[in-house]
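# Based on what follows, work out the 3D shape:
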Amino acid sequence: MNTMRFTKYLKLFFFMAIGLVLFACGQEQSTESTSEDSAQETSYTYVPLDPILKLDAQVEDSLKEWKSYWELQREMERFRGVKSGDLSYINEDLLRIQSELIHDSIPEKVQNPAVKSRALVFRTFAMKLKDQLEQRAPSAEVDTTRVKLFESYNAFRFHIADALREKVYEDFLKRDTTYLDSILPE
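This is a model prediction of the structure:
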């Protein structure tokens, strides 16, 4: 009688072990398909970006000492060239370079509110892109932010170029107009 009971328990244990193995295998397959689905969700394809705003040779020459600016330029060229995939690594580099940009040797003419505000807008869009990539936002949202980030970079470049351009009226405003000699041409 003990043998029969033992055999019964052995059979019960055997079937439970087989059921447990089958149940665990089924869970593993569903976990694999979920990770494949999430990998597909984070696989982005992007619209082409406009070209980077060209600067005059004179403006570029004025910026040659600003090392972080040129590092940002190289990274934005890389950013522009990405057609699909994950932008997390490039975006982290953009944020790092942008924070160094403020503390680097900025030309004095460039230290004005227009340039500083464009740098802040650029940082805001880079932070937004970082958040969207971490949250695995839909591809359309990521692409929209990517375009806005690139546009803010071009606006940043435009205002730097504008700050460095020689302006005729600045020379006139610097003159002391209280004396007649200062108005006459030299």
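
# mind listing what the residue nearest the centre of the chain touches?
The structure's the chain has its C-alpha centroid closest to residue 91; by CA atoms, centre = their mean the separation is 3.2 Å. Residue 91 sits next to 79, 126, 129, 130, 133 when contact means CB atoms under 8 Å, 6 or more residues apart in numbering. C-beta here means a position set from N, CA and C on the backbone, and glycine is covered the same way.

# tell me which element it is part of?
For residue 91, the element it lies in under DSSP states H and E is helix 88-103.

# coming back round to it: just the closest of the contacts of residue 91 to residue 57, please.
Nearest to residue 57 among the contacts of residue 91, counting by CB to CB, is residue 79 at 24.0 Å.

# Can you tell me the SS state at that closest one?
At residue 79 the chain is in helix, as set by DSSP: H, G, I helix; E, B strand; the rest coil.

# Then residue 125?
Relying on three-state DSSP, one would call residue 125 helix.

# Grab the nearest non-local neighbour of it.
In space, and not counting its chain neighbours, residue 125 is closest to residue 149: 4.0 Å by CB to CB, 6 or more residues apart in numbering.

# tell me the domain boundaries of this protein?
1-41, 57-172 (automatic domain parsing).

# Return the most buried member of the ones you listed.
domain 57-172 (a mean of 16; mean count of other CB atoms under 10 Å).

# Check what pLDDT the residue nearest to the centre of the chain gets.
For residue 91, the pLDDT comes out at 89.

# how close does it get to residue 165?
Using CB to CB, to the nearest Å, residue 91 is found at 31 Å from residue 165.

# Over to residue 141?
For residue 141, the distance to residue 165 - CB to CB - is 36 Å.

# The helix or strand where residue 163 lies - what's its average pLDDT?
Using DSSP H and E, residue 163 falls within helix 139-164. Taken as a whole, helix 139-164 has an average pLDDT of 93.

# I appreciate the help and will end here.
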